[in-house]
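Engineer: Sequence plus the predicted model coming up.
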Amino acid sequence: MNNFKVDFRPLLLLINIGFVICVLFFCYLIFGDMLAPSFQPDPVVQKSASTSSGNSVDDYDKVVDGIHVQTGLIYAEGFEIVRATCTACHSAKLVTQNRATKEGWTQMIRWMQATQGLWDLGKNESTIVNYLAKHYAPTEVGRRANLDVAAIEWYILELE
Amino acid sequence: MKDEQKHIHLHQLSDQEPIKTGELSGISLKKDRRGFLRQGALAAMGVALGAKMVFAKNLPLGMIPVGLTPSDEVLNLPGKDAGLIVLNDKPINAETPADLLDDALTPNELFFVRNNGLPPENVDVNTWTLTIEGESASQKKTYTLAELKQKFAHHTYHLTLECGGNGRKEFNPPAKGNQWSTGAVGCASWTGVRLKDVLEDVGIRSNAVYVAYYGKDTHISGDPKKVVISRGVPVAKALEEENLIAWAMNGKDIPMLNGYPLRLVIGGYPASCSGKWLSKIVIRNQVHDGPKMTGQSYRVPCKPVAPGTQVEDKDMCIIESMPVKSLITFPKSGATIKKGQRLPIRGHAWTSATKISKVECSIDFGASWQSCELQPGNNRYAWQSFSTKLDFPTDGYYEVWARATDVDGNAQPMLLPGWNPRGYLNNACHRIAIKVVAG
């Protein structure tokens, strides 16, 4: 019986150490983010287009290659009004993935006003519609477009 | 664990600022550490608008002004695979790439998300109830989740759910809305009680016309009184035995983004009829008129129209079945193989008819077709898997096209089917690109 106890003491010690590590890790999970900012270096001005946003005051207005980084919207005349109006309720992705003519965009606005609680846009409406119809216009693709061959990521398929 | 850490952080932030982020909208931003900046940004947004911002007062109720959501952040959808393509982050809409739909049953984390509003917060399964009422209900009756499970027989069916707008991306002229490619579809094993059993327990009056749902999601405008979506199906459809009031998906809890803890699952109709976060069912004495039942939503022209035609609301009819369709799930488009190799093909086919009768593949742009092996479905509205092996005569560029035909004789078109203003029901054959290279 004595031998039995001696054999298991290192194991108990190990379990205790493990427990303490778990508690510390748990504390880190909860409070880690509060500590994190003080350890972060000052924001670096990024010149590369590939870096991500989210860490600097400038990101609110950051534009890369003509695209406003935070929203993905094309940075051009009317951008500010479009951003402020459209993204008050929904994602900018809903704008950037759609294509329509002036009439089409106007219809979408009317639909949002009739059913989704969009307010009267007043003089901003023409700015918004002009921006959208200019930068998010439809292209003619016929009854069905070709597969977008340029966008295909070719890979070697290993077969037996 | 890392994601969990961010959740805690976002939650802390929400106590200090009017913009509530995180679990509420179902989004967590992996790199979000500067919530306080957003408060200033929100003010700036109001200034930029230079006009009344009608719903600004509702912002604290639970919305991320998405203009403030960096578009290049990696969005972490809770319970979802990072491979999903996020079309829209408020409300959340995400589709599954075709090659990730290769499983016989779509895993919960790969099932597409089509939300019209924001999922409910702090769901408590112990207090969740389902109420049945309406002009054509014999009585108003409320069940707890536990009562539903105790009182009614449990059933499990494999049911395909497909968004009515799946494939919208291809319509020309373009149709407004989320530009779904091919991935707003999945087939899971759903467990629950039959909608029919519950409706009959309540009692259906002879003048019943429609059965519709209400859920606990909230409108993206932040207006707590606005119903997000409330759709339904004709009574005869509602009484089909495969329709479930489901609490389990593939033997597990339904993911929060897919309707936890309770949802309708109705096969063969647009998935928008399968209400999520289900709290109320109404038996109506008329065609249901809830949000997204009327106008042009989930409707197509009653008679065919030329592309681009403006169709008046009165000439639009409710979609009452989903068309026959198929998807090639292996290989992923872009495969390069060597000349002489046989290419294995796998996929699924589905229909609102009783079953698929054949699936064929073509490597010559539809000039000739060869039959694929077709597995039976577990039940009506389950998708059926198909497979084949293809030989290519020379090296070069090929496309593999798949075409399913159902027992009613409906087959998939090669070009886009009838154009409609909202871009529904595109069941044109799926195409993948293959390159065959010399030895």
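Structural biologist: Thanks, I have it. Numbers count the residues shown, from 1 in each chain, chains lettered A, B, ... in the order given.
Engineer: Could I get the full set of helices for the chain?
Structural biologist: All of this is about chain A. According to DSSP state H, chain A carries its helices in the segments A:2-39, A:79-86, A:93-96, A:102-115, A:124-135.
Engineer: Let me rephrase: I mean chain B.
Structural biologist: Taking DSSP H, the helices of chain B run over residues B:2-14, B:35-49, B:145-151, B:195-202, B:235-238.
Engineer: which one of those helices has the lowest average pLDDT?
Structural biologist: Ranked by mean pLDDT, the helices of chain B bottom out at helix B:2-14, with a mean of 32.
Engineer: and B:Ser28, what pLDDT?
Structural biologist: 40.
Engineer: same check, this time on A:Thr51
Structural biologist: Reported pLDDT for A:Thr51: 39.
Engineer: Same check on A:Asp59?
Structural biologist: pLDDT, read off for A:Asp59, is 78.
Engineer: Pull the number of nearby residues for residue 134.
Structural biologist: No chain was given, so I picked chain A. Using other Cβ atoms under 10 Å in any protein chain shown, A:Lys134 has 13 other residues around it. (Each C-beta comes from the backbone N, C-alpha and C, glycine too.)
Engineer: You answered for a different chain; I wanted chain B.
Structural biologist: That count, for B:Gly134 with other Cβ under 10 Å as the rule, works out to 21.
Engineer: Phi, psi for it please.
Structural biologist: Note on B:Gly134: its backbone torsions stand at phi 120, psi 160 [degrees, to the nearest 10].
Engineer: any idea how far it is from chain A?
Structural biologist: Separation of B:Gly134 from chain A (Cβ to the nearest Cβ, to the nearest Å): 23 Å.
Engineer: hang on, isn't that residue packed against B:Lys280?
Structural biologist: No: between B:Gly134 and B:Lys280 there is no contact under Cβ atoms under 8 Å: 9.1 Å.
Engineer: Spatially, which residue comes closest to residue 117, not counting chain neighbours?
Structural biologist: This is for chain A. B:Ser221 (4.5 Å; Cβ to Cβ, 6 or more residues apart in numbering or on different chains).
Engineer: wrong one, chain B
Structural biologist: Using Cβ to Cβ, 6+ apart, the nearest residue to B:Gly117 is B:Val228, at 3.3 Å.
Engineer: Can you check the pLDDT for that neighbour?
Structural biologist: Note on B:Val228: pLDDT of 97.
Engineer: B:Gly117 now?
Structural biologist: The model's pLDDT for B:Gly117 equals 96.
Engineer: count of residues packed around it?
Structural biologist: 23.
Engineer: neighbours of the residue nearest to B:Gly117, just the number please.
Structural biologist: 22.
Engineer: That one and B:Tyr214 touch, don't they?
Structural biologist: No: between B:Val228 and B:Tyr214 there is no contact under Cβ under 8 Å: 9.3 Å.
Engineer: In chain B, where is pLDDT below threshold?
Structural biologist: B:1-75 (pLDDT under 70).
Engineer: gap between the closest residue to chain B within chain A and A:Gly72?
Structural biologist: Taking Cβ to the nearest Cβ, chain B has its nearest neighbour within chain A at A:Thr87, 2.9 Å off. Distance of A:Thr87 to A:Gly72, computed by Cβ to Cβ, to the nearest Å: 10 Å.
Engineer: More neighbours: which of these two?
Structural biologist: A:Thr87 (24 against 16).
Engineer: Output stretch B:346-357 in CSV with nothing but the alpha carbons.
Structural biologist: What follows is stretch B:346-357, C-alpha atoms only, in CSV (Å, rounded to 0.1, in the frame of the first residue of the first chain):
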residue,chain,number,x,y,z
ARG,B,346,-19.9,13.1,-58.1
GLY,B,347,-22.9,15.3,-57.3
HIS,B,348,-26.5,15.6,-56.1
ALA,B,349,-29.8,16.2,-57.8
TRP,B,350,-33.1,17.3,-56.4
THR,B,351,-36.7,18.2,-57.4
SER,B,352,-40.0,19.1,-55.9
ALA,B,353,-41.5,16.1,-57.8
THR,B,354,-41.4,12.7,-56.1
LYS,B,355,-38.0,11.8,-57.4
ILE,B,356,-35.2,12.3,-59.9
SER,B,357,-35.3,9.8,-62.8
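Engineer: Go through it and flag the buried ones.
Structural biologist: For stretch B:346-357, the neighbour count (16 or more other Cβ atoms under 10 Å in any protein chain shown) marks B:Arg346, B:Gly347, B:His348, B:Ala349, B:Trp350, B:Thr351, B:Ser352, B:Ala353, B:Lys355, B:Ile356, B:Ser357 as buried.
Engineer: Also stretch B:97-114?
Structural biologist: For stretch B:97-114, using 16+ other Cβ under 10 Å, the buried residues are B:97-102, B:105-114.
Engineer: Next: stretch B:125-144.
Structural biologist: Applying 16+ other Cβ under 10 Å to stretch B:125-144 flags B:Trp128, B:Leu130, B:Thr131, B:Ile132, B:Gly134, B:Ser136, B:Ala137, B:Tyr143 as buried.
Engineer: Surely the third one touches B:Lys280?
Structural biologist: It stands for B:Thr131. Yes: using Cβ under 8 Å, B:Thr131 is in contact with B:Lys280, at 4.8 Å.
Engineer: Closest one of the buried residues of stretch B:125-144 to B:Gly409?
Structural biologist: Closest approach to B:Gly409 among these (Cβ to Cβ): B:Ser136, at 35.3 Å.
Engineer: Would you map out the domains in chain A?
Structural biologist: Segmentation of chain A into domains, based on automatic domain parsing, reads A:1-36, A:61-135.
Engineer: for A:Asn130, what are its contacts?
Structural biologist: By Cβ atoms under 8 Å, 6 or more residues apart in numbering or on different chains, the contact set of A:Asn130 is A:Gly78, A:Lys102.
Engineer: what's the distance between it and B:Thr160?
Structural biologist: Counting by Cβ to Cβ - A:Asn130 and B:Thr160 are separated by 43 Å.
Engineer: pLDDT weak spots in chain A?
Structural biologist: For chain A, the ranges with pLDDT under 70 are A:1-8, A:10-11, A:14, A:20, A:22-58.
Engineer: switch the cut-off to 80
Structural biologist: In the predicted model, chain A carries pLDDT under 80 at residues A:1-59, A:160.
Engineer: wait, doesn't A:Gly66 sit right on A:Ile74?
Structural biologist: Yes: look at A:Gly66 against A:Ile74 with Cβ under 8 Å: they come within range, at 6.2 Å.
Engineer: Compare the two (neighbour count), which wins?
Structural biologist: A:Ile74 (19 against 9).
Engineer: Check the gap between the more buried one and A:Ile109 for me.
Structural biologist: Computed as Cβ to Cβ, the A:Ile74 to A:Ile109 distance reads 18 Å.
Engineer: ok, so of the buried residues of stretch B:125-144, who is nearest B:Pro291?
Structural biologist: For the buried residues of stretch B:125-144, the nearest to B:Pro291 is B:Gly134 (16.5 Å; Cβ to Cβ).
Engineer: ok, B:Val400 to chain A distance?
Structural biologist: In this view, B:Val400 and chain A are 11 Å apart by Cβ to the nearest Cβ.
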